[in-house]
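> mind folding the following:
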Amino acid sequence: MLLNWLSRRLTAYLSKEISRHSIRTSTWGAMVNTLQPGDVLLVEGNTRISVAIKYLTQSTWSHAALYLGPDAGLGVSDDGEAHVLVEADLEHGIRPLPLCYYRHAHTRICRPVGLSDKDLRTLAEYAFSRLGHQYDMKNVFDLARYLWSTPPVPTRYRHKLLAFGSGDPTRAICSTFIAEGFQQLRYPILPVVKTLSANDPDCADCVHERFRVRHHSLFTPRDFDASPYFRIIKPTIEGEFDYRAIAWEDG
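I've put the predicted structure just below:
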């Protein structure tokens, strides 16, 4: 009972928005026309927990959502907007939501390369199976200890602070939920790479690379941005961008 009360109070505190100006990434139309099913949408975020995650990961990005598109069958919002994203939210758990929820946010699109229609169906089925699961509050309690402006944690350990969690398969944070989905496809994000000798007598320096899957609980939003296997998509320049057409204030 006491733990549930503390969880609710902590959730309300961490979910409170902090008044800050966010730089919009692109026009709304460009964003709608650019996103494709399977894309990972990174969000800067402006809540207290966002500040903690950005500090601990030394990154711009505090949140991640999986884009499945208007034909995924995720339903509609109360305003009639099609749900196209699935995310793990601190208060509501894993839920679908419309893209307009992040209409004015600073975002980045990370796109996996070469997914087949079967891969996209597998990803969508995985996301559907997780709807309604709860956010991993154990992870939140771990984060809460580091909300001071200068937490006493060496830089090299900050990334690891987000890898605690409860280990409960029915709970996740935003990035672990998405990472587990891509691991269903064996699609790499930031795998552990081991180099082994090729045992070639004619090539002493030749090696073989072997990949090992990192546990999904070790991933944070920044890892999709840092991954060499996700293409960074910028809606503004995906269309017919012409810098000469910009209306500068000084004429």
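> flag the shaky bits of the stretch 1-150 of the chain, pLDDT-wise.
Where the stretch 1-150 of the chain drops to pLDDT under 70, the residues are 1-7, 10-11, 19-22, 137, 139-150.
> going along the chain, name the helices of it.
All helices of the stretch 1-150 of the chain, identified by DSSP state H, counting those that start in this stretch, fall at 2-15, 28-34, 48-57, 117-130, 137-144.
> tell me the most buried of those helices?
Compared across the helices of the stretch 1-150 of the chain, helix 48-57 shows the largest average neighbour count, a mean of 21 (mean count of other CB atoms under 10 Å). In this view, the C-beta of every residue, glycine as well, is placed from N, C-alpha and C.
> show me which positions of stretch 183-201 end up buried.
Residues of stretch 183-201 classed as buried by neighbour count (16 or more other CB atoms under 10 Å): 183, 185, 187-191.
> mind checking the end-to-end distance for it?
36 Å (CA to CA, to the nearest Å).
> quick one: low-confidence parts of the stretch 151-251 of the chain?
151-172, 196-198, 200, 202, 204-205, 207-209, 251.
> need the strands for it, in chain order.
Along the stretch 151-251 of the chain, the segments classed as strands by DSSP state E, counting those that start in this stretch run 171-172, 192-197, 207-212, 230-233.
> thinking again about what came up before, any chance of the helices of the stretch 1-150 of the chain in JSON lines with distance to residue 111 as columns?
Listed next are these as JSON lines, based on distance: least, CB to CB, whole Å:
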{"stretch": "helix 2-15", "distance to residue 111": "29"}
{"stretch": "helix 28-34", "distance to residue 111": "9"}
{"stretch": "helix 48-57", "distance to residue 111": "21"}
{"stretch": "helix 117-130", "distance to residue 111": "12"}
{"stretch": "helix 137-144", "distance to residue 111": "27"}
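> and the ones you listed: which comes nearest residue 174?
helix 48-57 (9.2 Å; CB to CB).
> on that earlier part again, which one of the helices of the stretch 1-150 of the chain lies closest to residue 109?
With CB to CB as the measure, helix 28-34 is the member of the helices of the stretch 1-150 of the chain nearest residue 109 (6.6 Å).
> who touches the closest one?
Helix 28-34 is contacted by residues 25-26, 99, 103, 107, 109, 233, 235-236, 238-239 when judged by CB atoms under 8 Å, 6 or more residues apart in numbering.
> ok, those vs residue 18, which is closest?
Of the contacts of helix 28-34, the one sitting nearest to residue 18 (CB to CB) turns out to be residue 107, at 17.8 Å.
> contact partners for the closest residue to the closest one other than its chain neighbours?
Spatially, and ignoring its direct neighbours in sequence, residue 107 is nearest to residue 25 (4.9 Å; CB to CB, 6 or more residues apart in numbering). Residue 25 makes contact with 31, 105-108, 234-236, according to CB under 8 Å, 6+ apart.
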